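Colleague: Take a look and give me a structure for this.
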Amino acid sequence: MCGRYALTSPPEALAKLFAAIGALPNFPRRYNAAPSQALPIVRRTPRPGRELALARWGLIPSWSKGPDSRFSMINARAETVAEKPAYRGAFRHRPCLVPANGFFEWQAAKGGKQPYYFSLKSGEPFAFAGLWEHWIGAGGDEIESFTIIVTDANDCVAPVHQRMPVILHMQDHARWLGEDDAPTRERLALLRPLPADEMQCWPVSKKVNSPANDSPDLLEAEADLLGP
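Modeller: Sure, this is the predicted structure:
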């Protein structure tokens with residue numbers, strides 16, 4: 001799964017990278033982005049183009065009664081995302097890109113789980129494959145929310161966790177967003193692990209375990225845990 005990630009690039013840089021147009025939302029750098037927070041996504045607009053918008057991390061299906069802490073919908077499995085009732089409508093009509101600079105996973109270890117930070121070797125920001133929804137409550141309340149799609153881990157992530165978020169190559173963004181009207185099977189084919197040789201990772205402080213901690217030092221390597 002993917003339960004925490006980092007987004008340190010400013011709105012202007014993300015808009016340029018993902019070709020988003022229009023007004024930009026204001027959001028802080030996140031070194032420990034956590035579920036239920038308002039975070040940026042990139043999605044198609046009603047007119048040709050893309051926009052950068054804020055949405056709550058944790059999908060709320062349009063047909064549900066609203067947010068429910070008993071159910072975690074921060075991730076959707078690539079193998080079933082096109083079929084499960086909670087996700088299939090969003091898969092067909094509301095795909096999105098979720099900008100990030102890296103993500104965290106935890107490895108079982110003596111003394112408690114050890115967190116690791118994963119990023120691209122290039123150091124560049126990237127996008128997870130995501131889905132978004134628009135929920136309207138009986139009283140007129142509205143919430144836009146999103147989920148991140150996960151798949152089997154590649155050889156970089158597998159020693160730490162068996163699953164990883166789907167990271168899309170730049171050339172696949174348009175297809176995932178449905179801008180080329182590709183058939184479902186071709187969009188599903190994008191939901192695969194990123195090649196391991198494009199990624200890097202290192203152990204980080206257990207301070208990342210608490211979403212209350214959100215500072216640059218969370219991304220720094222724990223020197224005493226690094227190999228020779």
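Colleague: wait, what's in contact with the nearest residue to Gln37 once chain neighbours are set aside?
Modeller: Excluding the flanking residues, the one nearest Gln37 by C-beta to C-beta, 6 or more residues apart in numbering is Trp57, at 5.7 Å. The C-beta positions use only the backbone N, C-alpha and C, and glycine is treated the same way. Contacts for Trp57 (C-beta atoms under 8 Å, 6 or more residues apart in numbering) come out as Ala33, Ala34, Pro35, Ser36, Gln37, Ala38, Leu39, Ile74, Ser145, Phe146, Thr147, Ile148.
Colleague: Go through stretch 100-111 and flag the buried ones.
Modeller: Ala100, Asn101, Gly102, Phe103, Phe104, Glu105, Trp106 (16 or more other C-beta atoms under 10 Å).
Colleague: no no, stretch 106-125
Modeller: Trp106, Gln114, Pro115, Tyr116, Tyr117, Phe118, Ser119, Leu120, Pro125.
Colleague: Now, the contacts of Trp57 that are in strands?
Modeller: Among the contacts of Trp57, the ones falling in strands (DSSP state E) are Ala33, Ala38, Leu39, Ser145, Phe146, Thr147, Ile148.
Colleague: what sits against the last one?
Modeller: Okay, so that is Ile148. Cys2, Trp57, Ile74, Asn75, Ala76, Val98, Phe128, Ala129, Gly130, Pro165, Val166.
Colleague: Quick check: bridge partners of it?
Modeller: Residues in a beta bridge with Ile148, per DSSP bridges, are Asn75, Gly130.
Colleague: before we move on, back to that, between the contacts of Ile148, which is nearest Gly178?
Modeller: Ala129 (12.1 Å; C-beta to C-beta).
Colleague: Quick check: nearest residue in space to that closest one, chain neighbours excluded?
Modeller: Per C-beta to C-beta, 6+ apart, closest to Ala129 is Val166, 4.1 Å.
Colleague: Need the per-residue pLDDT for that neighbour.
Modeller: Predicted confidence (pLDDT) for Val166: 98.
Colleague: do the one 5 residues further on as well
Modeller: In this prediction, Gln171 carries a pLDDT score of 97.
Colleague: Give me the distance between it and Phe146.
Modeller: 22 Å (C-beta to C-beta, to the nearest Å).
Colleague: Those two: which is more packed in?
Modeller: Using other C-beta atoms under 10 Å as the criterion, Gln171 and Phe146 rank with Phe146 on top: 29 against 7.
Colleague: Run through the residues that contact the more buried one.
Modeller: So Phe146 contacts Leu39, Ile41, Ala55, Arg56, Trp57, Leu59, Cys96, Val98, Gly130, Leu131, Trp132, Glu133 (C-beta under 8 Å, 6+ apart).
Colleague: Switch the residues you listed over to a markdown table; also include pLDDT, distance to Pro11 and secondary structure.
Modeller: Conversion of the contacts of Phe146 to a markdown table gives the following (pLDDT from 0 to 100; distance: C-beta to C-beta, whole Å; DSSP: H, G, I helix; E, B strand; the rest coil):
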| residue | pLDDT | distance to Pro11 | secondary structure |
| --- | --- | --- | --- |
| Leu39 | 98 | 12 | strand |
| Ile41 | 98 | 12 | strand |
| Ala55 | 97 | 14 | strand |
| Arg56 | 96 | 18 | strand |
| Trp57 | 97 | 17 | strand |
| Leu59 | 95 | 23 | coil |
| Cys96 | 98 | 16 | strand |
| Val98 | 98 | 14 | strand |
| Gly130 | 98 | 18 | strand |
| Leu131 | 98 | 22 | strand |
| Trp132 | 98 | 18 | strand |
| Glu133 | 96 | 22 | strand |
